[in-house]
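Q: whatever this is, show me its structure:
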Amino acid sequence: MSEKNREGKRTARERLAEEREKQKAAEKRRRALIVGASVVCVLGLAAVIGVVAANAGKDDGSDSAGPVVAPSGAQGEDGLALPVGEESAKSTLVVWEDFRCPACKSFEDAYRSTIHELTDAGQLRVEYHLATIIDGNMGGTGSRNAANAAACAQDAGKFADYHDVLYQNQPPETDDAFAKNAKLFELAAKVDGLDTPAFRTCVEEGTHNSWVAKSNDAFRNGGFTGTPTVLLNGENIYQDQSMTPAKLKQQVQEAAKG
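A: Numbering: from 1, shown residues only. Modelled structure (predicted):
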């Protein structure tokens, strides 16, 4: 074999070796890219999971961070009580409630007519405080949206009527129907003179959302065990197993006499 031929074969082998090295390098780069992309996907998924976890259990109420606007006529500490009845009444019933709360509906259904009779007679004054614990427990914004709508009704002088309509049409606890403005407007139409442009704007803009959040904070910080919490002249009558509408009426009427 001539020197020239040997040189040619060596050059060919070198070229082949170089080509193999290039292929190995390319394969390494390809694998590195695949691994890198996989890491990015995992990190991206972790970031998504982190965001979901961070928001789990939060009320979809970021718009409740606005200014606290108390409804017209709100009274009591920090203006968190919505009063019904005469100020001169000898007895005061304080009610902490949540419009999505089934137990609150049960209380309202049992005591509504008696409470109306006593407030109409000027013997009882009721102070309603609104909470949103079902939103926190079940998720959703129905408690808050219904409470805001009730506060909007207070602005229109229609709180008591709308309050009753909300409870009379309360959806199942797991159904967040009160989160929908359309539902709140549908129920407002059952109260004469309430379904107005001003009321709708108040509901749609969540005018009293921050006030509702403040009221719920007051409930959570008040040491109460749940809704409804019902206090007659400072005493928790909801925990009194012997309490009935007739007994409530008797106590209020006796206080009115004395």
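Q: all contacts plus neighbour counts: C-alpha atoms, from now on.
A: Will do.
Q: so what touches stretch 156-165?
A: 84, 150-154, 187-188, 190-191, 194, 199 (Cα atoms under 8 Å, 6 or more residues apart in numbering).
Q: please apply the same query to stretch 190-198.
A: 153, 156, 158, 161-162, 165, 185, 188-189.
Q: between the two ends of it, how far is it?
A: Across its full length, stretch 190-198 reaches 16 Å between end residues, using Cα to Cα, to the nearest Å.
Q: buried residues, it. List them.
A: 191, 194-195 (16 or more other Cα atoms under 10 Å).
Q: where do the strands of the protein begin and end?
A: For the chain, the strands defined by DSSP state E occupy 82-84, 91-97, 124-130, 229-232, 235-236.
Q: any low-confidence regions in the protein?
A: Across the chain, the ranges flagged by pLDDT under 70 are 1-65.
Q: all helices of the stretch 1-150 of the chain, in order?
A: Counting by DSSP state H, counting those that start in this stretch, the stretch 1-150 of the chain has helices at residues 3-55, 102-120, 133-138, 142-155.
Q: okay, helices next: where are they in the stretch 151-258 of the chain?
A: So, for the stretch 151-258 of the chain - with DSSP H, counting those that start in this stretch - the helices run 159-168, 181-188, 197-205, 209-220, 245-257.
Q: go through the ones you listed and name the closest to Phe99.
A: helix 159-168 (6.6 Å; Cα to Cα).
Q: okay, the angle between the closest one and helix 102-120?
A: 150 degrees (axes from the mean of the first three to the mean of the last three Cα atoms, to 10 degrees).
Q: just the buried residues of helix 159-168, please?
A: 159-167.
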